[in-house]
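Engineer: 3D model of this:
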Amino acid sequence: MGSQPALRALVEAFDRHVRPGTFPLAVRMLRPGEAVPDKARAPRRDLGFQTAICQAFGLARRYGWTLAVGKDDLSCPLGATAFGFAPLVDYYAEGHACAGFYTATAEAGARSEAAVPKFPHGAYERIVVGPAARATFDPDLVMVYASSAQVLRLVTAALYDRGGALTTQISGRIDCADLVIRTMQTGECQVVLPCYGDRIFAQTQDHEMAFTVPAGRFEAVVQGLDGTAKGGIRYPIPSFLRYTGEFPPAYTKVREFWPNE
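Structural biologist: Numbers count the residues shown, from 1 in each chain. From the prediction side, this is the model:
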């Protein structure tokens, strides 16, 4: 898990080099019996409604709230399944929840559902998410929603220490699993394309993508943001403006009427 000093350094680097439009979020998965952080809201008990996991991310990054979400708080059965809050049932595994929506057949749907990363049933009891700058808990990862240019900036930072390329998987569905589960299981940063549900329930906008940093990569990404900035990689990305523009003939004809000097 990420320590508080490493977390604070990452948040400061985000503010300095990326400037996201909503709060970067700290995320921690709580095992059964693990204490919930003070002041964390339980959606069903404290807010009066059930939520999707992506919706909880939206509330946290826009309202600045810290939420602790368990099975009883969840409205989305697919998210509950992926996070192991509910059992993996045959109907889901066989692709029936996907067929007719995202795939032509249940057989194809089964392949899509199998590609979703999952936690074992019962391994975790809750997911805690809140603004990283105010997190009182040591997170498993940090996520940030940003523009493609800002995510590009984070990709270059993540590769600064070792080069190469990031590997990510996109299915267009259940992006909460990509954001949290895949990041934790691989221990690698992830570029995530928000799914349909994220856009409907969490109101994620067309210009937004997401990027995750696992706890083990906090310091490397901070060093990468600083190092690439020194090398001239910046956000906002500068435009090349040192050129002479061309104008319509009617504009340039004005010069013909200027008095000779």
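
Engineer: Spell out the secondary structure type for residue 255.
Structural biologist: helix (DSSP: H, G, I helix; E, B strand; the rest coil).

Engineer: can you count the residues close to it?
Structural biologist: Around residue 255 there are 7 other residues, counting by other CB atoms under 10 Å. Quick note: C-beta positions are derived from backbone N, CA and C, even for glycine.

Engineer: I'd assumed residue 176 was in contact with residue 116.
Structural biologist: No. When contacts are counted by CB atoms under 8 Å, residue 116 is not listed as touching residue 176 (9.8 Å).

Engineer: okay, these two: which has more neighbours?
Structural biologist: Per other CB under 10 Å, whichever of residue 116 and residue 176 has more neighbours is residue 176, with 27 against 22.

Engineer: Which helix or which strand is home to the more buried one?
Structural biologist: Using DSSP states H and E, residue 176 falls within helix 175-176.

Engineer: The helix or strand just after that helix: which residues count as buried?
Structural biologist: Per DSSP H and E, the first helix or strand lying C-terminal to helix 175-176 is helix 183-186. Counting neighbours by 16 or more other CB atoms under 10 Å, one finds that the buried residues in helix 183-186 are 183, 184.

Engineer: How far does helix 183-186 sit from its chain's centre?
Structural biologist: Put simply, helix 183-186 sits 13 Å off its chain's centre (CA atoms, centre = their mean, to the nearest Å).

Engineer: by contact count, what packs against that helix?
Structural biologist: In terms of contacts (3 or more CB pairs under 8 Å, 6 or more residues apart in numbering; DSSP states H and E), helix 183-186 is packed against strand 141-146, strand 209-214.

Engineer: before we move on, back to that, mean confidence for the helix holding residue 176?
Structural biologist: The pLDDT scores in helix 175-176 average 98.

Engineer: Stretch 145-152 now?
Structural biologist: For stretch 145-152, the mean confidence score works out to 98.

Engineer: Touching it from outside, list them.
Structural biologist: 18-22, 57, 61, 144, 154, 191, 194, 204, 207-211, 235-237 (CB atoms under 8 Å, 6 or more residues apart in numbering).

Engineer: go on, stretch 223-231?
Structural biologist: Defining contact as CB under 8 Å, 6+ apart, one finds that stretch 223-231 is touched by 13-14, 16-18, 153-154, 156-161.

Engineer: change it to 7 Å
Structural biologist: Contact with stretch 223-231 is made by 13, 17, 156, 157, 158, 160, 161, as judged by CB atoms under 7 Å, 6 or more residues apart in numbering.

Engineer: Would you mind giving these as JSON lines with distance to residue 31 added?
Structural biologist: Below are the contacts of stretch 223-231 laid out as JSON lines (distance: CB to CB, whole Å):
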{"residue": "13", "distance to residue 31": "29"}
{"residue": "17", "distance to residue 31": "34"}
{"residue": "156", "distance to residue 31": "35"}
{"residue": "157", "distance to residue 31": "31"}
{"residue": "158", "distance to residue 31": "28"}
{"residue": "160", "distance to residue 31": "33"}
{"residue": "161", "distance to residue 31": "31"}
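
Engineer: Understood, closing this out.
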